[in-house]
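Enquirer: Provide a 3D model corresponding to the input given below.
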Amino acid sequence: MKRALHAEWTKARTVPGTGWLLLAVLTLTVLVSALAAGTADCTAAGCRQDVAKTALTGIYVGQAVVAVLAVLTISGEYSSGMIRTTLTAVPRRHVVLTAKALVLTGLVLVTGAVTVAGCLVTARLLVPISLTDGSVLRAAAGSVLYLALIALLSLGAATAVRDSAAAVAVVLGLLYALPLVARLVTDQDWQRRLQRVEPMTAGLGIQATVDVGALPLPPWAGLGVLAAWAAAALLGGGLLLRGRDA
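Expert: Numbering: from 1, shown residues only. Down below sits the predicted model:
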């Protein structure tokens with residue numbers, strides 16, 4: 001595992017695309033969050049919306065870049081043929097996938113923490129938001145974990161699918177298309193059931209700081225749904241990686 005981790009870290013820091021994608025996560029997320037905060041309907045009496053959730057709006061965009069980064073972590077090796085070298089050097093395939101997951105998670109957690117902090121500090125200049133409030137801190141920490149789980153979900157999907165474009169399409173479909181499908185359901189009970197299993201809708205409930213009782217699931221339970229999606233994707237991808245030829 002130590003050699004595998006060193007190899008994956010070497011790949012991550014020497015591939016030019018990694019740095020650019022992480023920078024894109026930071027830039028786009030903070031920019032979109034600042035735009036959302038700047039258009040918030042706030043007066044001296046307060047805001048008419050959840051300011052913490054508004055301040056973290058950019059996560060909706062940043063997660064797509066995180067997904068692309070995670071997909072390229074393994075599918076890029078399939079497209080270049082380097083996966084054969086990787087599996088020759090580390091024959092135990094579950095070790096390879098675990099090492100990739102650990103390095104990817106570390107990178108996304110660090111970038112996510114800086115990004116979320118940037119979103120909140122920027123929003124503090126535009127809307128009245130307390131950076132020490134417990135619910136705001138929960139939203140911030142949960143958003144960082146959310147991005148890490150999106151990365152793991154995307155890594156698992158890419159391991160199963162292998163093709164970069166197909167894997168990105170699958171992940172973005174789960175994140176953005178499923179909520180649209182749920183909104184088309186007219187039955188309120190079924191709509192709420194779908195919202196409880198959607199990875200994005202359930203997961204981003206962690207950002208809510210007002211009307212928490214109206215959420216399909218409690219904040220941490222919603223993040224648990226996303227964690228279950230990520231675990232299932234990694235398990236399925238790992239089994240396919242173990243059973244197929246490179």
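
Enquirer: tell me what the lengthiest helix in the chain is packed against?
Expert: Taking DSSP state H as the criterion, the chain has its longest helix at helix 93-124. Packed against helix 93-124, as judged by 3 or more C-beta pairs under 8 Å, 6 or more residues apart in numbering; DSSP states H and E, are the following elements: helix 2-14, helix 16-38, helix 51-55, helix 59-80, helix 82-89, helix 134-161, helix 219-243. Heads up, the C-betas are built off the backbone N, CA and C, glycines and all.

Enquirer: Next, count neighbours for the nearest residue to Ile59 once chain neighbours are set aside.
Expert: Leaving aside its sequence neighbours, Ile59 sits nearest to Ser143 (C-beta to C-beta, 6 or more residues apart in numbering; 5.4 Å). Using other C-beta atoms under 10 Å, Ser143 is surrounded by 30 other residues.

Enquirer: Ser143: what's it in contact with?
Expert: Leu56, Ile59, Gly112, Val116, Ile206, Gln207 (C-beta atoms under 8 Å, 6 or more residues apart in numbering).

Enquirer: Going by distance to Arg138, which of those wins?
Expert: Distance ranking of the contacts of Ser143 against Arg138, using C-beta to C-beta, places Ile206 first at 7.0 Å.

Enquirer: Quick one, grab the pLDDT at that closest one.
Expert: In this prediction, Ile206 carries a pLDDT score of 95.

Enquirer: swap in the one 3 residues further on?
Expert: Note on Thr209: pLDDT of 89.

Enquirer: correct me, but Thr54 touches Gly38?
Expert: No: counting by C-beta atoms under 8 Å, Thr54 does not reach Gly38; the two are 9.8 Å apart.

Enquirer: ok, those two, which is more surrounded?
Expert: Here Thr54 and Gly38 are set side by side on neighbour count (other C-beta under 10 Å), and the busier one is Thr54, at 23 against 13.

Enquirer: In contact with the more buried one, which residues?
Expert: Ser33, Ala36, Ala37, Ala40, Cys47, Ala123, Val127.

Enquirer: Low-confidence stretches in this protein?
Expert: Along the chain, the model assigns pLDDT under 70 to residues 41-47, 245-246.

Enquirer: and stretch 107-120, which residues are buried?
Expert: By neighbour count with 16 or more other C-beta atoms under 10 Å, stretch 107-120 contains the buried residues Leu107, Val108, Thr111, Gly112, Ala113, Val114, Thr115, Val116, Gly118, Cys119, Leu120.
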